[in-house]
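sequence and predicted model, in that order:
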Amino acid sequence: MKPNTHFAFFDEGSKKEIRRAIMKAVAIPGYQVPFASREMPIARGWGTGGLQITLSIIGKSDVLKVIDQGADESVNAVSIKKLVYETTGVELTEQTDKASIIQSRHRIPEVALTEDQIIVLQVPMPEPLRPVEASELKTKSMHAEDDYSGVWLMLFEQIMKYGKTATGADHPVYVNDRYVMAPSPIPRFDNPKMHESEALILLGAGREKKIYAVPPYTNVESLAFEDYPFAVETFEGKDCHLCGSTDVFLDELIDPQTGETIYQCNDTSFCIDQLNKKEEVEVQTSYA
(Lines give C-alpha, C1' and ligand atoms only; values in the text may rest on other atoms or scores of the structure.)
Protein backbone atom coordinates (compact mmCIF):
# COMPACT_ATOMS: atom_id res chain seq x y z
CA MET A 1 0.00 0.00 0.00
CA LYS A 2 1.32 3.43 -0.92
CA PRO A 3 2.23 5.68 2.06
CA ASN A 4 0.19 8.80 2.79
CA THR A 5 -2.92 7.42 1.08
CA HIS A 6 -6.25 6.28 2.48
CA PHE A 7 -6.93 2.57 2.46
CA ALA A 8 -8.66 1.84 -0.87
CA PHE A 9 -7.94 5.38 -2.15
CA PHE A 10 -11.11 7.05 -0.83
CA ASP A 11 -11.57 8.77 2.51
CA GLU A 12 -13.99 7.03 4.87
CA GLY A 13 -16.74 9.58 4.25
CA SER A 14 -16.71 8.91 0.52
CA LYS A 15 -16.76 5.14 1.00
CA LYS A 16 -19.63 5.45 3.47
CA GLU A 17 -21.70 7.49 1.00
CA ILE A 18 -21.15 4.96 -1.78
CA ARG A 19 -21.94 2.04 0.53
CA ARG A 20 -25.23 3.73 1.47
CA ALA A 21 -26.12 3.93 -2.22
CA ILE A 22 -25.19 0.24 -2.60
CA MET A 23 -27.43 -0.75 0.34
CA LYS A 24 -30.37 1.11 -1.20
CA ALA A 25 -29.70 -0.55 -4.56
CA VAL A 26 -29.67 -3.99 -2.92
CA ALA A 27 -32.93 -3.20 -1.09
CA ILE A 28 -34.65 -2.20 -4.37
CA PRO A 29 -33.43 -4.67 -7.03
CA GLY A 30 -32.94 -3.11 -10.45
CA TYR A 31 -33.53 0.47 -9.27
CA GLN A 32 -30.90 3.03 -10.31
CA VAL A 33 -29.61 4.86 -7.25
CA PRO A 34 -27.91 8.24 -7.91
CA PHE A 35 -24.57 8.79 -6.16
CA ALA A 36 -21.88 11.45 -6.07
CA SER A 37 -19.42 9.90 -8.51
CA ARG A 38 -15.88 10.84 -7.51
CA GLU A 39 -12.98 11.97 -9.65
CA MET A 40 -10.70 9.01 -10.27
CA PRO A 41 -7.13 8.64 -11.57
CA ILE A 42 -8.58 6.94 -14.63
CA ALA A 43 -10.82 8.45 -17.29
CA ARG A 44 -14.60 8.19 -17.06
CA GLY A 45 -15.74 5.45 -19.39
CA TRP A 46 -12.89 3.15 -18.34
CA GLY A 47 -14.68 1.55 -15.41
CA THR A 48 -14.82 4.32 -12.81
CA GLY A 49 -18.29 3.29 -11.61
CA GLY A 50 -17.31 -0.31 -10.96
CA LEU A 51 -13.98 0.77 -9.49
CA GLN A 52 -15.67 3.12 -7.01
CA ILE A 53 -17.89 0.26 -5.83
CA THR A 54 -14.92 -2.09 -5.47
CA LEU A 55 -12.86 0.47 -3.53
CA SER A 56 -15.82 1.14 -1.21
CA ILE A 57 -16.54 -2.48 -0.29
CA ILE A 58 -13.11 -4.10 -0.35
CA GLY A 59 -11.43 -5.13 2.92
CA LYS A 60 -7.96 -6.31 3.84
CA SER A 61 -9.00 -9.97 3.80
CA ASP A 62 -10.61 -9.84 0.34
CA VAL A 63 -9.18 -11.50 -2.75
CA LEU A 64 -9.68 -9.54 -5.98
CA LYS A 65 -10.04 -10.65 -9.58
CA VAL A 66 -10.47 -8.15 -12.44
CA ILE A 67 -11.38 -9.10 -16.00
CA ASP A 68 -12.03 -7.18 -19.19
CA GLN A 69 -14.22 -9.00 -21.74
CA GLY A 70 -13.07 -12.32 -20.27
CA ALA A 71 -9.35 -11.49 -20.12
CA ASP A 72 -7.33 -10.99 -16.93
CA GLU A 73 -4.37 -9.47 -18.77
CA SER A 74 -5.99 -6.64 -20.77
CA VAL A 75 -4.86 -3.02 -20.25
CA ASN A 76 -8.10 -2.07 -18.46
CA ALA A 77 -7.99 -5.05 -16.10
CA VAL A 78 -4.28 -4.68 -15.31
CA SER A 79 -4.58 -0.94 -14.64
CA ILE A 80 -7.53 -1.38 -12.27
CA LYS A 81 -5.79 -4.22 -10.41
CA LYS A 82 -2.68 -2.09 -10.02
CA LEU A 83 -4.61 0.84 -8.54
CA VAL A 84 -6.54 -1.36 -6.09
CA TYR A 85 -3.43 -3.29 -5.05
CA GLU A 86 -1.31 -0.18 -4.52
CA THR A 87 -3.96 1.40 -2.28
CA THR A 88 -4.99 -1.74 -0.36
CA GLY A 89 -2.32 -4.44 -0.63
CA VAL A 90 -5.04 -7.10 -0.99
CA GLU A 91 -4.35 -10.44 -2.61
CA LEU A 92 -4.94 -10.65 -6.37
CA THR A 93 -5.96 -13.77 -8.27
CA GLU A 94 -6.90 -14.90 -11.75
CA GLN A 95 -8.88 -17.89 -10.48
CA THR A 96 -12.59 -17.17 -10.27
CA ASP A 97 -13.31 -19.60 -7.45
CA LYS A 98 -10.65 -18.02 -5.20
CA ALA A 99 -11.88 -14.43 -5.56
CA SER A 100 -14.22 -12.80 -3.04
CA ILE A 101 -14.72 -9.74 -5.27
CA ILE A 102 -14.73 -9.92 -9.08
CA GLN A 103 -14.78 -6.69 -11.07
CA SER A 104 -15.67 -7.25 -14.69
CA ARG A 105 -16.14 -5.36 -17.92
CA HIS A 106 -18.66 -7.01 -20.26
CA ARG A 107 -18.54 -10.60 -18.98
CA ILE A 108 -19.75 -12.85 -16.19
CA PRO A 109 -17.24 -15.69 -15.61
CA GLU A 110 -17.98 -19.20 -16.86
CA VAL A 111 -17.43 -20.68 -13.39
CA ALA A 112 -20.63 -20.49 -11.34
CA LEU A 113 -20.36 -17.87 -8.60
CA THR A 114 -21.21 -18.56 -4.95
CA GLU A 115 -22.83 -16.84 -1.96
CA ASP A 116 -19.39 -15.83 -0.70
CA GLN A 117 -18.66 -13.75 -3.80
CA ILE A 118 -19.60 -10.32 -5.15
CA ILE A 119 -19.36 -9.47 -8.84
CA VAL A 120 -19.06 -5.80 -9.77
CA LEU A 121 -19.99 -4.95 -13.35
CA GLN A 122 -18.77 -1.80 -15.12
CA VAL A 123 -21.62 0.01 -16.88
CA PRO A 124 -21.33 2.67 -19.61
CA MET A 125 -25.09 3.33 -19.96
CA PRO A 126 -27.31 2.29 -17.03
CA GLU A 127 -30.62 3.57 -18.43
CA PRO A 128 -32.43 0.92 -20.52
CA LEU A 129 -34.96 3.54 -21.63
CA ARG A 130 -32.33 5.91 -23.05
CA PRO A 131 -32.62 4.59 -26.65
CA VAL A 132 -36.29 5.59 -26.64
CA GLU A 133 -36.29 8.64 -24.33
CA ALA A 134 -33.57 11.29 -24.00
CA SER A 135 -35.01 13.06 -20.95
CA GLU A 136 -33.81 11.84 -17.54
CA LEU A 137 -36.89 13.31 -15.91
CA LYS A 138 -39.19 11.37 -18.23
CA THR A 139 -37.31 8.08 -17.83
CA LYS A 140 -37.61 8.40 -14.04
CA SER A 141 -41.36 8.92 -14.45
CA MET A 142 -41.61 5.92 -16.80
CA HIS A 143 -39.84 3.68 -14.28
CA ALA A 144 -42.13 4.93 -11.50
CA GLU A 145 -45.22 4.19 -13.60
CA ASP A 146 -43.87 0.81 -14.75
CA ASP A 147 -44.18 2.09 -18.32
CA TYR A 148 -41.80 0.08 -20.49
CA SER A 149 -43.78 0.22 -23.71
CA GLY A 150 -40.88 2.04 -25.40
CA VAL A 151 -38.49 -0.85 -24.73
CA TRP A 152 -41.00 -3.38 -26.02
CA LEU A 153 -41.53 -1.25 -29.14
CA MET A 154 -37.76 -1.12 -29.70
CA LEU A 155 -37.56 -4.93 -29.58
CA PHE A 156 -40.62 -5.22 -31.83
CA GLU A 157 -39.05 -2.93 -34.43
CA GLN A 158 -35.90 -5.07 -34.40
CA ILE A 159 -37.99 -8.16 -35.09
CA MET A 160 -39.79 -6.43 -37.95
CA LYS A 161 -36.48 -5.34 -39.48
CA TYR A 162 -34.23 -8.33 -38.81
CA GLY A 163 -36.62 -11.18 -38.05
CA LYS A 164 -35.29 -11.38 -34.49
CA THR A 165 -34.21 -9.13 -31.63
CA ALA A 166 -30.86 -7.61 -32.58
CA THR A 167 -29.43 -6.81 -29.15
CA GLY A 168 -26.00 -8.40 -29.38
CA ALA A 169 -25.24 -7.29 -25.84
CA ASP A 170 -26.89 -5.37 -22.99
CA HIS A 171 -30.24 -7.05 -23.69
CA PRO A 172 -32.69 -5.53 -21.15
CA VAL A 173 -33.90 -7.66 -18.25
CA TYR A 174 -36.90 -7.54 -15.93
CA VAL A 175 -35.74 -7.68 -12.30
CA ASN A 176 -37.84 -8.96 -9.43
CA ASP A 177 -40.99 -8.52 -11.57
CA ARG A 178 -40.68 -4.74 -11.21
CA TYR A 179 -37.85 -2.83 -12.91
CA VAL A 180 -36.46 -3.15 -16.41
CA MET A 181 -32.68 -3.00 -16.08
CA ALA A 182 -29.64 -2.70 -18.33
CA PRO A 183 -27.41 -5.67 -17.41
CA SER A 184 -24.27 -3.87 -18.69
CA PRO A 185 -22.93 -4.85 -22.13
CA ILE A 186 -22.55 -8.51 -21.26
CA PRO A 187 -23.39 -10.85 -24.15
CA ARG A 188 -26.83 -12.42 -24.25
CA PHE A 189 -25.02 -15.63 -23.30
CA ASP A 190 -24.48 -14.23 -19.79
CA ASN A 191 -28.01 -12.93 -19.13
CA PRO A 192 -29.28 -16.26 -17.72
CA LYS A 193 -26.40 -16.26 -15.21
CA MET A 194 -28.05 -13.30 -13.46
CA HIS A 195 -31.23 -15.26 -12.74
CA GLU A 196 -31.21 -16.65 -9.18
CA SER A 197 -27.49 -15.92 -8.96
CA GLU A 198 -25.97 -17.00 -5.65
CA ALA A 199 -23.55 -14.07 -5.78
CA LEU A 200 -24.49 -10.45 -5.18
CA ILE A 201 -24.32 -8.47 -8.45
CA LEU A 202 -23.44 -4.78 -8.18
CA LEU A 203 -23.44 -2.47 -11.21
CA GLY A 204 -21.78 0.94 -11.33
CA ALA A 205 -21.84 3.73 -13.91
CA GLY A 206 -19.35 6.45 -12.96
CA ARG A 207 -20.02 8.83 -15.83
CA GLU A 208 -23.80 8.54 -15.39
CA LYS A 209 -23.51 8.55 -11.55
CA LYS A 210 -25.73 5.52 -10.97
CA ILE A 211 -25.44 2.36 -8.87
CA TYR A 212 -27.87 -0.55 -9.05
CA ALA A 213 -27.90 -4.17 -7.95
CA VAL A 214 -29.29 -7.68 -8.24
CA PRO A 215 -29.35 -9.36 -4.81
CA PRO A 216 -28.73 -13.13 -4.54
CA TYR A 217 -31.56 -15.45 -5.60
CA THR A 218 -33.46 -12.71 -7.42
CA ASN A 219 -35.68 -13.39 -10.41
CA VAL A 220 -34.11 -11.91 -13.56
CA GLU A 221 -35.92 -12.43 -16.86
CA SER A 222 -34.66 -11.29 -20.26
CA LEU A 223 -37.34 -9.36 -22.16
CA ALA A 224 -38.87 -11.38 -24.98
CA PHE A 225 -42.15 -12.00 -26.81
CA GLU A 226 -43.94 -15.35 -26.49
CA ASP A 227 -43.61 -16.05 -30.22
CA TYR A 228 -40.02 -14.73 -30.34
CA PRO A 229 -38.43 -16.17 -27.19
CA PHE A 230 -35.11 -14.95 -25.86
CA ALA A 231 -32.15 -16.92 -27.21
CA VAL A 232 -28.47 -16.73 -26.35
CA GLU A 233 -25.56 -16.93 -28.80
CA THR A 234 -25.10 -20.52 -29.92
CA PHE A 235 -21.79 -22.30 -30.43
CA GLU A 236 -23.28 -25.67 -31.27
CA GLY A 237 -20.77 -27.99 -32.89
CA LYS A 238 -17.85 -25.75 -31.96
CA ASP A 239 -15.24 -26.09 -29.22
CA CYS A 240 -12.18 -24.29 -27.92
CA HIS A 241 -9.12 -25.21 -29.98
CA LEU A 242 -6.97 -25.04 -26.83
CA CYS A 243 -8.90 -26.85 -24.09
CA GLY A 244 -11.76 -28.41 -26.05
CA SER A 245 -14.49 -26.78 -23.94
CA THR A 246 -18.03 -26.54 -25.26
CA ASP A 247 -21.11 -24.79 -23.85
CA VAL A 248 -19.04 -21.67 -23.08
CA PHE A 249 -18.80 -18.27 -24.76
CA LEU A 250 -16.24 -18.60 -27.56
CA ASP A 251 -14.25 -16.01 -29.51
CA GLU A 252 -14.01 -16.52 -33.27
CA LEU A 253 -10.40 -16.17 -34.45
CA ILE A 254 -8.36 -16.72 -37.58
CA ASP A 255 -5.45 -19.14 -37.35
CA PRO A 256 -2.45 -17.09 -38.59
CA GLN A 257 -0.76 -20.21 -39.97
CA THR A 258 -3.62 -21.85 -41.83
CA GLY A 259 -6.02 -18.92 -42.30
CA GLU A 260 -8.87 -21.12 -41.02
CA THR A 261 -11.50 -20.07 -38.49
CA ILE A 262 -10.85 -21.35 -34.98
CA TYR A 263 -12.62 -20.83 -31.64
CA GLN A 264 -11.22 -20.08 -28.22
CA CYS A 265 -12.66 -19.60 -24.73
CA ASN A 266 -13.40 -15.94 -24.08
CA ASP A 267 -12.83 -16.52 -20.35
CA THR A 268 -9.04 -16.90 -20.31
CA SER A 269 -8.67 -18.12 -16.73
CA PHE A 270 -11.37 -20.75 -17.31
CA CYS A 271 -9.50 -21.95 -20.39
CA ILE A 272 -6.20 -22.19 -18.49
CA ASP A 273 -7.91 -24.09 -15.68
CA GLN A 274 -9.39 -26.58 -18.14
CA LEU A 275 -5.97 -27.06 -19.77
CA ASN A 276 -4.40 -27.73 -16.37
CA LYS A 277 -7.10 -30.29 -15.55
CA LYS A 278 -6.54 -31.97 -18.91
CA GLU A 279 -2.79 -32.20 -18.25
CA GLU A 280 -3.43 -33.69 -14.80
CA VAL A 281 -5.66 -36.37 -16.31
CA GLU A 282 -3.04 -37.17 -18.96
CA VAL A 283 -0.32 -37.50 -16.30
CA GLN A 284 -2.50 -39.75 -14.16
CA THR A 285 -3.36 -41.87 -17.20
CA SER A 286 0.30 -42.26 -18.12
CA TYR A 287 1.11 -43.54 -14.63
CA ALA A 288 -1.89 -45.90 -14.51
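Nice, thanks for sending it over.

check which residues of stretch 39-58 are buried.
By neighbour count with 16 or more other Cβ atoms under 10 Å, stretch 39-58 contains the buried residues 40, 44, 46-58. (C-beta placed from N, C-alpha, C; glycine too.)

one more: stretch 159-171?
165, 167, 170-171.

with stretch 93-110 instead?
93-94, 96, 99-110.

what about the helices in the protein?
Here the chain has its helices, by DSSP state H, at 12-27, 48-57, 75-88, 136-144, 149-162, 191-194, 268-287.

of these, which is nearest Cys243?
Relative to Cys243, the nearest member of the helices of the chain by Cβ to Cβ is helix 268-287, separated by 3.8 Å.

now that closest one: average pLDDT?
Across helix 268-287, pLDDT averages out at 79.

picking that back up, in the buried residues of stretch 159-171, find the pair that's most separated.
So, the buried residues of stretch 159-171 by Cβ to Cβ: farthest apart are Thr165 and Asp170, at 11.8 Å.

before we move on, back to that, which of the buried residues of stretch 39-58 lies closest to Asp72?
Checking these against Asp72 by Cβ to Cβ gives Gly47 as the nearest, at 14.3 Å.

from Tyr148, how far off is the closest one?
28 Å (Cβ to Cβ, to the nearest Å).

got the contact list for Leu250?
235, 238-240, 263-266 (Cβ atoms under 8 Å, 6 or more residues apart in numbering).

most neighbours of all these, which one?
Within the contacts of Leu250, Cys265 tops the neighbour count with 25 neighbours, counted by other Cβ atoms under 10 Å.

that residue reaches Thr246, doesn't it?
No. Counting by Cβ atoms under 8 Å, Cys265 stays clear of Thr246, with 10.1 Å between them.

what touches both of these two?
Residues touching both Cys265 and Thr246 (Cβ under 8 Å, 6+ apart): Cys240.

quick revisit: tell me which of the helices of the chain sits most buried.
Per-stretch averages of neighbours, counted by mean count of other Cβ atoms under 10 Å, single out helix 48-57 among these, with a mean of 25.

quick one: which of the contacts of Leu250 sit in strands?
Among the contacts of Leu250, the ones falling in strands (DSSP state E) are 263-265.

look up how far Val173 lies from the residue lying closest to Ile118 once chain neighbours are set aside.
Nearest non-adjacent residue to Ile118, counting by Cβ to Cβ, 6 or more residues apart in numbering: Leu200, 4.8 Å away. Distance of Leu200 to Val173, given as Cβ to Cβ: 16 Å.

how is the chain partitioned into domains?
12-222, 234-288 (automatic domain parsing).

what's the closest of the ones in strands among the contacts of Leu250 to Glu136?
Looking across the ones in strands among the contacts of Leu250 and measuring by Cβ to Cβ, the closest to Glu136 is Cys265, at 39.1 Å.

and the gap between the residue lying closest to the closest one once chain neighbours are set aside and Thr96?
Distances taken as Cβ to Cβ, 6+ apart place Cys271 nearest to Cys265, at 3.6 Å, with adjacent residues excluded. Distance of Cys271 to Thr96, computed by Cβ to Cβ: 12 Å.

and if you look at Val232?
20 Å.

over to His195?
As for His195, its distance to Thr96 is 19 Å (criterion: Cβ to Cβ).

for the nearest residue to Ala166 once chain neighbours are set aside, which residues are in contact?
Spatial nearest neighbour of Ala166, chain neighbours left out: Gln158 (4.4 Å); criterion: Cβ to Cβ, 6+ apart. For Gln158, the contacting residues are 164-167, by Cβ under 8 Å, 6+ apart.

tabulate the residues you listed (JSON lines), appending pLDDT.
Converted to JSON lines, these look like this (pLDDT from 0 to 100):
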{"residue": "Lys164", "pLDDT": "93"}
{"residue": "Thr165", "pLDDT": "93"}
{"residue": "Ala166", "pLDDT": "92"}
{"residue": "Thr167", "pLDDT": "93"}
